[in-house]
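**Q** Any chance you can model this:
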Amino acid sequence: MNDRRIRKAIFPVAGLGTRFLPATKSIPKEIMTLIDRPLIQYAIDEAREAGIEEFIFVTSRGKSALEDYFDESPALAAELDRKNKTELAKVLESTNMDSGAIAYIRQTRPMGLGHAVWCARRLIGDEAFAVILPDDVIAGQTSCLKQMIDAYQQVGGNMVAAMQVPKNKTSDYGILGATDTSQRIVPVNAMVEKPSPETAPSNLAVIGRYILSPDVLSALDGAGLGVGGEVQLTDAIAKQISANGVYGYRFEGQRFDCGSKAGYLQATVAFGLAREDLRDELMAYLYDLVPSQVLAS
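**A** Next comes the predicted model:
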């Protein structure tokens, strides 16, 4: 019986976050907060729920604040304990990572997502592994990666999170081709990176969660540049369609593109409304704000 456990996850966090300048001049985009938790904490919590044991961060210069975030803070913990702030102390403790559970690899040149994943190859070895893009925050009763790992136990191969997007948005995503895109688990027969609406095989788009075989790393070894002059992860996964199988997984939950300003704002509102301690005040504000904005337009 094949061992289909997924123990390791790669978090590509080397990007410069230029869409959020000037904020990202001094802080990594991944520790910008969504309500009161950094984006990277949502990704870590999702990985933990899915059973991930080893966390591999592909970073770049200027990301020291991201690395420091996961260290213990004895002085702050002691102050919370002194003031008997028990709940806050538990929240603080949840941000700590055990020694040896987290590793950092440098991507010295910005060569794309495929190259970032390839940089972690020596820490992955010959195991299947997950990739989580922190920009994609997915809200659901069960985390997206946990759903995918449960589905992966059934089919193996390679799996990518997928969702329907408007046809005119296909050029923003990797797009899947399949005979039937309506099922929860979709056998893939083609993958194309950022196709035009006219050439896209469907409107089923790849979202930032992956479960990949180590053969993908072999396909990335020496891979040439693809769309946008970067090493594309989509191209390497596409090579596995005939060899090991590739599946799209249509997850349950709402995805927010927190790599864009509009998506980040939408996530802030949605997560705020989901919080009992914030909902009433925020809702009242929105009720007052929206009619005035409509009249002003």
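**Q** which non-adjacent residue is nearest Ile211?
**A** Leaving out its chain neighbours, the residue that sits closest to Ile211 by Cβ to Cβ, 6 or more residues apart in numbering is Met159, at 4.3 Å. Where you see a C-beta, it was placed from the backbone N, CA and C, and this is true even at glycine.
**Q** should've said Leu233
**A** Closest residue in space to Leu233, ignoring its immediate chain neighbours: Gly114 at 4.1 Å, by Cβ to Cβ, 6+ apart.
**Q** Whichever helix or strand the residue nearest to Ile211 is part of packs against which elements?
**A** Taking DSSP states H and E as the criterion, Met159 maps to strand 158-164. Applying 3 or more Cβ pairs under 8 Å, 6 or more residues apart in numbering; DSSP states H and E, one finds that strand 158-164 makes contact with helix 144-155, strand 174-177, strand 204-212, strand 246-250.
**Q** Report the spatially closest residue to the residue nearest to the spatial centre of the chain, excluding sequence-adjacent ones.
**A** To find the centre residue of the chain, average its C-alpha atoms and take the closest one (Cα atoms, centre = their mean): that gives Leu133, at 2.4 Å. Leaving aside its sequence neighbours, Leu133 sits nearest to Gly208 (Cβ to Cβ, 6+ apart; 2.9 Å).
**Q** Also Leu39?
**A** Pro134 (4.8 Å).
**Q** still on that earlier bit, quick check: which of the helices and strands packed on strand 158-164 is nearest to Lys25?
**A** Nearest to Lys25, of all these, is strand 204-212, at 24.3 Å by Cβ to Cβ.
**Q** Which is the succeeding secondary structure element to that closest one?
**A** In the C-terminal direction from strand 204-212 (assignment by DSSP H and E), the next one is helix 215-220.
**Q** could you pull out the strands for this protein?
**A** Taking DSSP state E to define them, one finds strands in the chain at 8-12, 33-34, 37-38, 54-59, 102-106, 129-132, 136-139, 158-164, 174-177, 185-187, 190-193, 204-212, 246-250, 254-257.
**Q** Tyr104 contacts Glu67, correct?
**A** Yes: in terms of Cβ atoms under 8 Å, Tyr104 counts as a neighbour of Glu67; the distance is 6.1 Å.
**Q** Give me the phi and psi for Gly157.
**A** With angles defined as degrees, to the nearest 10, Gly157 shows backbone torsions of phi 70, psi -130.
**Q** Pull the contacting residues for it.
**A** Residues in contact with Gly157, defined by Cβ atoms under 8 Å, 6 or more residues apart in numbering, are Ser213, Gln240, Asn244, Gly245, Val246, Tyr247.
**Q** Any of those residues buried? List them.
**A** Ser213, Gln240, Asn244, Val246, Tyr247 (16 or more other Cβ atoms under 10 Å).
**Q** which among these gets closest to Ser143?
**A** The closest of those to Ser143 turns out to be Tyr247 (Cβ to Cβ; 18.1 Å).
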